[in-house]
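Colleague: With the sequence up front, the predicted model follows.
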Amino acid sequence: QVQLQESGPGLVKPSQMLSLTCTVSGGSITTSYYAWSWIRQPPGKGLEWMGAIAYDGSTYYSPSLKSRTSISRDTSKNQFSLQLSSLTPEDTAVYYCNVWITPHESYWGQGTQVTVSS
């Protein structure tokens, strides 16, 4: 079973950049056809897919966040990361990392709360 764990700051200031890392165990981020995503949930709202990095390093972004988002990976550490720039209070959310394996199998991290406030 694949396990994911998010890490990063819980509080960031407006206009700054958020950097989060997802550490993966029980599976490799280079395993064929796996897709590794960042998803967030603002308070009182639904889940929002932000973007993903595929097993081959290809990246995909939500059109609404593309200009502010970058997803990368470190295969030596079996980690992938999210950078979100130009933060506003509207970026306050619980941020999750996720892996899609098949339509019937995916795994989630426990989530990390990020608050954007001065």
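Modeller: Good, I have the coordinates.

Colleague: Based on its surroundings, how many neighbours for the residue nearest to Leu84 when sequence neighbours are not counted?
Modeller: Once flanking residues are discounted, Leu84 sits nearest to Leu18: 4.4 Å by Cβ to Cβ, 6 or more residues apart in numbering. Yep, even glycine has a C-beta here, placed from its N, CA and C like the rest. Leu18: 19 surrounding residues under other Cβ atoms under 10 Å.

Colleague: and Leu18, what is it in contact with?
Modeller: Leu18 sits next to 8-9, 12, 82-85, 87, 91, 114, 116 when contact means Cβ atoms under 8 Å, 6 or more residues apart in numbering.

Colleague: Please repeat the previous calculation with a cut-off of 7 Å.
Modeller: Leu18 is in contact with 8, 12, 83-84, 87, 114, counting by Cβ atoms under 7 Å, 6 or more residues apart in numbering.

Colleague: Thr75 too?
Modeller: 29-30.

Colleague: backbone phi and psi for it, please?
Modeller: phi -70, psi -30 (degrees, to the nearest 10).

Colleague: For it, give its distance to Thr88.
Modeller: Distance, Thr75 to Thr88, using Cβ to Cβ, to the nearest Å: 32 Å.

Colleague: What score does Pro103 have for pLDDT?
Modeller: Looking at Pro103, its pLDDT is 88.

Colleague: should've said Thr59
Modeller: Per-residue pLDDT puts Thr59 at 98.

Colleague: So what sits opposite Glu48 in the bridge?
Modeller: Arg40 (DSSP bridges).

Colleague: Could you check which helix or strand contains the residue sitting nearest the centre point of the chain?
Modeller: Here the mean C-alpha position of the chain is nearest to the C-alpha of Trp38 (Cα atoms, centre = their mean), at a distance of 2.6 Å. According to DSSP states H and E, Trp38 maps onto strand 35-41.

Colleague: by contact count, what packs against that strand?
Modeller: Packing contacts for strand 35-41, counted by 3 or more Cβ pairs under 7 Å, 6 or more residues apart in numbering; DSSP states H and E, involve strand 48-54, strand 93-102.

Colleague: now it: mean pLDDT?
Modeller: 97.

Colleague: Fine by me, thanks again.
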